[in-house]
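Asks: missing the sequence, but the structure's below:
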């Protein structure tokens with residue numbers, strides 16, 4: 001009816017399955033009690049030309065399968081609660097002329113029919129699409145290429161189309177738990193955060209150097225991962241890198257490395273790969289400060305000698321350290337305090353301005369102690385309660 005402006009309370013209409021208000025051109029609003037119609041399957045509002053919005057309670061009508069808003073030419077927006085309509089199969093928005101955007105809560109690929117033709121003011125699809133735990137989803141969703149954040153966590157997707165590399169707005173992609181994914185996705189250069197944990201990916205490819213905006217790469221529990229391209233060290237904006245073959249973040253990593261630079265962001269590496277393999281691959285050559293934490297290290301990898309500007313080395317978090325290799329001549333500070341298992345120093349200290357801290361390194365052998373005591377340095381902190389007899393200032 002053209003004269004109908006409102007509908008009665010529907011609180012007691014729990015058995016209602018279809019509500020047809022088509023062509024009620026005078027209808028101004030839908031009652032909040034629509035959320036009480038828990039068995040409603042079809043809601044037809046086509047031609048309600050004065051209807052400006054839907055009540056947020058629409059999201060409580062969780063059995064709704066068909067929502068027709070055809071030619072609702074005054075409709076300005078849809079409520080975020082519409083994302084709760086997980087059984088929705090048809091959403092008809094044709095000729096909603098002033099509708100500008102869809103709410104981020106809509107899971108568009110789970111919606112078999114979404115009609116939006118002649119929505120002349122429509123400017124954008126949701127910029128954040130969340131399909132987490134859509135465990136039967138095997139094909140990569142056909143969605144707007146303007147999406148900014150895409151969550152495909154725990155889906156069954158097997159392949160990512162190469163066309164994704166042209167999605168210039170995408171900055172966050174989560175495909176963790178996609179156990180069918182075997183190849184590193186060809187993500188766009190706009191990507192900032194990428195989570196590929198618990199996938200079957202075997203290789204981090206050489207073209208990763210093209211991801212110049214990447215700050216976080218998380219690959220935790222990737223049990224097939226065995227090839228890491230050295231080009232990963234060229235990523236100047238990278239801040240957090242996690243590469244482990246087992247477990248969850250923080251549980252299985254055999255070491256952590258925190259690196260500071262003079263000309264780029266600080267950088268953290270967490271990994272359970274053999275340190276002598278992974279560190280030379282990932283560690284940028286321009287590091288000036290390096291801190292390690294590990295219960296597995298017995299010595300520090302030799303690759304630190306390839307860091308020409310390294311001035312600070314902190315190994316105080318390596319509680320099972322047994323020996324130190326020859327260290328770079330550029331080093332100005334070495335902190336090995338509380339390394340109680342440290343026994344040997346295989347090398348010498350070449351910089352007379354270096355500061356040495358071996359406090360509580362109670363198992364240092366005589367050769368190591370003598371080296372520390374006789375080395376030219378700014379200062380040295382030694383284990384023990386007595387000053388060596390040959391020190392002139394007692």
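Replies: Yep, that arrived. Keep in mind the model is a prediction, meaning the values are calculated, not measured.

Asks: The chain: helices as residue ranges?
Replies: Here the chain has its helices, by DSSP state H, at 275-282, 366-374.

Asks: what's near enough to touch residue 80?
Replies: Residue 80 makes contact with 56, 59, 103-105 under the criterion C-beta atoms under 8 Å, 6 or more residues apart in numbering. For glycine as for every other residue, the C-beta is placed from the backbone atoms N, C-alpha and C.

Asks: out of those, who's nearest residue 384?
Replies: Within the contacts of residue 80, the smallest distance to residue 384 is 63.0 Å, found for residue 104 (C-beta to C-beta).

Asks: need the contact list for the closest one.
Replies: When contacts are counted by C-beta under 8 Å, 6+ apart, residue 104 touches 80, 83, 126-130.

Asks: mind checking how far it is from residue 128?
Replies: As judged by C-beta to C-beta, to the nearest Å, residue 104 and residue 128 stand 5 Å apart.

Asks: cool, and residue 136?
Replies: Separation of residue 136 from residue 128 (C-beta to C-beta): 22 Å.

Asks: Between those two, point out the one with more neighbours.
Replies: Using other C-beta atoms under 10 Å as the criterion, residue 136 and residue 128 rank with residue 128 on top: 13 against 6.

Asks: Is the more buried one bridged to anything, and to what?
Replies: Residue 128 forms beta bridges with residue 149, as assigned by DSSP bridges.

Asks: so it sits right up against residue 169, yeah?
Replies: No - using C-beta atoms under 8 Å, residue 128 makes no contact with residue 169, being 11.1 Å away.

Asks: okay, and the common contacts of the two?
Replies: Common neighbours of residue 128 and residue 169, using C-beta under 8 Å, 6+ apart, are 147-148.

Asks: show me the contacts for residue 296.
Replies: Residue 296 makes contacts with 254-255, 275, 320, as judged by C-beta under 8 Å, 6+ apart.

Asks: now swap in residue 289 and tell me
Replies: With C-beta under 8 Å, 6+ apart, residue 289 has these contacts: 259-260, 310-314.

Asks: Quick check: bridge partners of it?
Replies: Following DSSP bridges, residue 289 is listed with bridge partners residue 260, residue 312.

Asks: how near is residue 94 to residue 280?
Replies: 59 Å.

Asks: what's the answer for residue 339, then?
Replies: Distance, residue 339 to residue 280, using C-beta to C-beta: 23 Å.

Asks: what about these two, which has more around it?
Replies: Comparing residue 339 with residue 280 by other C-beta under 10 Å, the one with more neighbours is residue 339, at 27 against 15.

Asks: Model confidence score at the spatially closest residue to the more buried one that is not a sequence neighbour, please.
Replies: Ranked by C-beta to C-beta, 6 or more residues apart in numbering and with sequence neighbours excluded, the top spatial neighbour of residue 339 is residue 321, at 4.7 Å. As predicted, residue 321 sits at a pLDDT of 94.

Asks: Tell me who's in contact with residue 321.
Replies: The contact partners of residue 321, by C-beta under 8 Å, 6+ apart, come to 297-300, 315, 336, 339, 341-342.

Asks: mind redoing it with 7 Å?
Replies: Residues in contact with residue 321, defined by C-beta atoms under 7 Å, 6 or more residues apart in numbering, are 297-298, 315, 339, 341-342.

Asks: Those residues in strands, which ones?
Replies: Residues of the contacts of residue 321 located in strands (DSSP state E): residue 315.

Asks: Name the nearest of the contacts of residue 321 relative to residue 352.
Replies: Among the contacts of residue 321, and counting by C-beta to C-beta, the member closest to residue 352 is residue 315, at 21.2 Å.

Asks: what's the neighbour count on that closest one?
Replies: With other C-beta under 10 Å as criterion, residue 315 counts 23.

Asks: With residue 158 instead?
Replies: 15.

Asks: pretty sure it contacts residue 138?
Replies: Yes - Residue 158 lies in contact with residue 138 (C-beta atoms under 7 Å); the separation is 6.2 Å.

Asks: For stretch 183-192, buried residues please.
Replies: By 16 or more other C-beta atoms under 10 Å, the buried positions in stretch 183-192 come out as 184-185, 187-188, 190-192.

Asks: Revised request: answer the last question for stretch 270-285.
Replies: For stretch 270-285, using 16+ other C-beta under 10 Å, the buried residues are 270-273, 275, 278-279, 281-284.

Asks: Output these in a markdown table, with distance to residue 228 appended to each entry.
Replies: Compiled in a markdown table, those are given as follows (distance: C-beta to C-beta, whole Å):
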| residue | distance to residue 228 |
| --- | --- |
| 270 | 14 |
| 271 | 9 |
| 272 | 13 |
| 273 | 8 |
| 275 | 13 |
| 278 | 7 |
| 279 | 11 |
| 281 | 5 |
| 282 | 7 |
| 283 | 12 |
| 284 | 14 |
